[in-house]
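Trainee: sequence? don't have it. structure:
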């Protein structure tokens, strides 16, 4: 087993569990329709957490040649992927049977979910130098840097606004940005 396989196995378990939380919550909510209204907010929040988790999974893969099998890599990766798991687990409530809409849950949890994803992204950049050294910065494209700027501009708006429509609009832009990631890779391969 290579160093990368050793570290990757722990990280993908947590990322996979986080995705399962989002998808399981979405499936449970959809099964309860039409008695339960999922709403744009919860749907977009689920889509954004899912796409950010998948993108982070890809980032780990891109770092495979430089990722060492050290305790630092394991603990740093655990913290970041744990935050992605936490975000995924918070998107949908556990008490779906007692609800008719997810709008209130969305407004209550959006700040926690977005904060967890922003923290995961921020910490992953903080840990890059520590874990990968100088090689970490060569793995970033101009689109990565631009995406970060947009995420850190819109993310706090989603977190702090009390207007559902503004939060939904910002989340829609964040989802579109993540969907553009594969398009950018096709146009500008790294």
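Mentor: Alright, I've got the coordinates. This is a predicted model, so every value here is computed, not measured.
Trainee: which element is the closest residue in space to residue 166 that isn't next to it in sequence on?
Mentor: Nearest non-adjacent residue to residue 166, counting by Cβ to Cβ, 6 or more residues apart in numbering: residue 157, 6.7 Å away. All C-beta spots, glycine's among them, are computed from the backbone N, C-alpha and C. Using DSSP states H and E, the element containing residue 157 is helix 142-160.
Trainee: in that helix, which residues are buried?
Mentor: 143, 147, 151, 154-155, 157-159 (16 or more other Cβ atoms under 10 Å).
Trainee: which strands and helices sit next to it?
Mentor: Helix 142-160 sits against helix 103-132, helix 164-187, with contacts defined as 3 or more Cβ pairs under 8 Å, 6 or more residues apart in numbering; DSSP states H and E.
Trainee: mind putting those helices in a markdown table, mean pLDDT included?
Mentor: Output for the helices and strands packed on helix 142-160, formatted as a markdown table (pLDDT from 0 to 100):
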| stretch | mean pLDDT |
| --- | --- |
| helix 103-132 | 92 |
| helix 164-187 | 91 |
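Trainee: quick one: least confident helix or strand in the protein?
Mentor: Taking mean pLDDT, DSSP states H and E as the measure, the chain has helix 135-138 as its least confident helix or strand, at a mean of 69.
Trainee: residue 175: neighbour count?
Mentor: 20 (other Cβ atoms under 10 Å).
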